[in-house]
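Peer 1: below are the sequence and a predicted model for it; my questions follow.
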Amino acid sequence: MSYSPFYGQVTGYVEVSGGVLLLFRGTTFLGAIISLVAMINVVFMDIGYDVTVKLFAIHLLLMVMVLVGFNLQRLIQFFVLNKTTIQPVKYEPFLPKKYKTLQSILKLAIIGYFIVVQYNVQSERVEKKYAKNEAPSLTRVYFVKSQTINGKDIADAEVSESAHWKSIFINGSAFLKNSLVIENGQGRRRYFSTKTDTLNKTIVFYPFRGKEEDSNTFTYEKLEDKTVRFEGIYQGATISIVTQPKAFEDYRLIKSKIKWIRDLK
């Protein structure tokens, strides 16, 4: 999603607008229709890309389908049978009319509360996003080109498949600064906190939320062919890795931005 901020923002506005319309009885149906379209898109994306919150998205979709279901007969009459529909009768299940003002005040208070809470959450996220990063120049994903363990090529070393490294993410999360993630050939990832010394070109990393005593130290060197070599001791073995770095700005959608007209040459 972060490869195209425009798409993420637009889908976010659609979801929020549908949710806001659901808060008021007169616009519930319109909000349900907008939310239905938005949540179908979200559910398919979560399933297609194996996002971990797919069950939560499915639950939201089912809730929206219940709201749309109250007007299912009207939808069929209008879109399928091409017949005139009548305005639905507003149903007030709980409070008599004399408590209508109290109901409106309570609703506005609840809405105001969630707006304030959400604003504080977003402010905290923005603060973390722009928190101090010890090594912004190293913020990259590093794809492993070659790897040696104890002086032997990874193909010749008698090690398990999990020891094969596929990529290294340094400060890969916008909200988790000073971090390092190692992804092995099996797709499994290990997360570490880091302390970087750009003068001595060293990275000290230890298990995320772990103890600094369990740290490992790697040195790094930028080579002439724009590759980066990492060397150090990890889990008792001497590791040397040559990587091809790729910055966030190098991805196509980030680098080229939105183009309304594309040259086909």
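Peer 2: That came through, no problem.

Peer 1: and the helices in this structure?
Peer 2: 5-21, 28-48, 54-69, 72-75, 100-129, 252-256 (DSSP state H).

Peer 1: give me whichever of those is most buried.
Peer 2: helix 28-48 (a mean of 17; mean count of other Cβ atoms under 10 Å). (Glycine included, C-beta is placed from N, CA and C.)

Peer 1: what helices or strands is that one leaning on?
Peer 2: helix 5-21, helix 54-69 (3 or more Cβ pairs under 8 Å, 6 or more residues apart in numbering; DSSP states H and E).

Peer 1: what does the average pLDDT come to for the longest one?
Peer 2: Taken as a whole, helix 5-21 has an average pLDDT of 88.

Peer 1: what does stretch 149-157 give?
Peer 2: Mean predicted confidence for stretch 149-157 is 84.

Peer 1: over to stretch 32-48?
Peer 2: 94.

Peer 1: so what touches that stretch?
Peer 2: The contact list for stretch 32-48 (Cβ atoms under 8 Å, 6 or more residues apart in numbering) reads 11, 14-15, 17-19, 21-22, 51, 53-54, 57-58, 60-61, 64-65, 67-68, 71.

Peer 1: any chance of JSON lines for the helices and strands packed on helix 28-48, columns distance to residue 235?
Peer 2: Below are these laid out as JSON lines (distance: least, Cβ to Cβ, whole Å):
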{"stretch": "helix 5-21", "distance to residue 235": "38"}
{"stretch": "helix 54-69", "distance to residue 235": "34"}
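
Peer 1: nearest to residue 135, out of these?
Peer 2: Residue 135 lies closest to helix 5-21 among the helices and strands packed on helix 28-48, at 23.9 Å (Cβ to Cβ).

Peer 1: what packs against that closest one?
Peer 2: If you count contacts as 3+ Cβ pairs under 8 Å, 6+ apart, helix 5-21 packs onto helix 28-48.

Peer 1: show me the shaky parts of the stretch 51-200 of the chain.
Peer 2: Low-confidence segments of the stretch 51-200 of the chain, defined by pLDDT under 70: 89-95, 123-132, 161, 173-176.

Peer 1: follow-up on the earlier one: which one of the helices and strands packed on helix 28-48 lies nearest to residue 168?
Peer 2: Here helix 5-21 is closest among these (Cβ to Cβ), at 24.8 Å.

Peer 1: now the angle from that closest one to helix 28-48?
Peer 2: Interaxial angle, helix 5-21 versus helix 28-48 (axes from the mean of the first three to the mean of the last three Cα atoms, to 10 degrees): 140 degrees.

Peer 1: and helix 5-21, C-alpha only, in CSV?
Peer 2: Output in CSV follows, covering the C-alpha atoms of helix 5-21 (Å, rounded to 0.1, in the frame of the first residue of the first chain):
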residue,chain,number,x,y,z
PRO,A,5,0.3,6.9,-1.2
PHE,A,6,-2.4,8.3,-3.4
TYR,A,7,-4.3,5.0,-3.5
GLY,A,8,-3.9,4.6,0.2
GLN,A,9,-5.3,8.1,0.9
VAL,A,10,-8.2,7.7,-1.4
THR,A,11,-9.3,4.3,0.0
GLY,A,12,-8.9,5.8,3.5
TYR,A,13,-11.2,8.7,2.7
VAL,A,14,-13.8,6.4,1.2
GLU,A,15,-13.8,4.2,4.3
VAL,A,16,-14.0,7.1,6.7
SER,A,17,-16.8,8.8,4.7
GLY,A,18,-18.8,5.6,4.7
GLY,A,19,-18.3,5.2,8.4
VAL,A,20,-19.3,8.8,9.2
LEU,A,21,-22.6,8.4,7.2
